[in-house]
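1. sequence first, predicted coordinates after that:
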Amino acid sequence: MVEVELDENNPMQFYDGDSVEVLAFIRLCPNCARFVKPDDTVKINGLGEVSKEQNATCSKCGRVTMIFDGWWPRE
């Protein structure tokens, strides 16, 4: 699991991955395109693959899976 850094005004959601990269998600519901409230953590396996389980809550659709955008370099 990795920890969350929430910025309410940013459509991107970033989680600490390791010392070099962060995980990036798009904080929009894949069903209705509303902003979602992300969970505090996401699960990844030892290969760096993100779990397909639900990781956010949409006010209209309920539990959803945020769209994974990839590993981004830490600035």
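-> Happy to help now that I have it.
2. please count neighbours and contacts with C-alpha atoms only from this point.
-> Fine.
3. excluding sequence neighbours, find me the nearest residue to the residue nearest the centre of the chain.
-> The residue at the geometric middle of the chain, judged as the C-alpha nearest the mean C-alpha position with Cα atoms, centre = their mean, is residue 25 (3.9 Å). Nearest in space to residue 25, with sequence neighbours left out and distances taken as Cα to Cα, 6 or more residues apart in numbering, is residue 68 at 4.5 Å.
4. same thing with residue 35?
-> residue 28 (4.6 Å).
5. can you tell me how far the one you found sits from residue 45?
-> Residue 28 sits 23 Å away from residue 45 when distances are taken as Cα to Cα, to the nearest Å.
6. which one of these two has more residues nearby?
-> Using other Cα atoms under 10 Å, the more surrounded residue of residue 28 and residue 45 is residue 28, with 23 against 9.
7. let me know the pLDDT of that one.
-> Here, the pLDDT recorded for residue 28 equals 91.
8. from what I can see it touches residue 65, true?
-> No: because the distance of 9.3 Å does not satisfy Cα atoms under 8 Å, residue 28 is recorded as not touching residue 65.
9. on that earlier part again, just the pLDDT for the residue nearest to residue 25.
-> Residue 68 is assigned 89 on the pLDDT scale.
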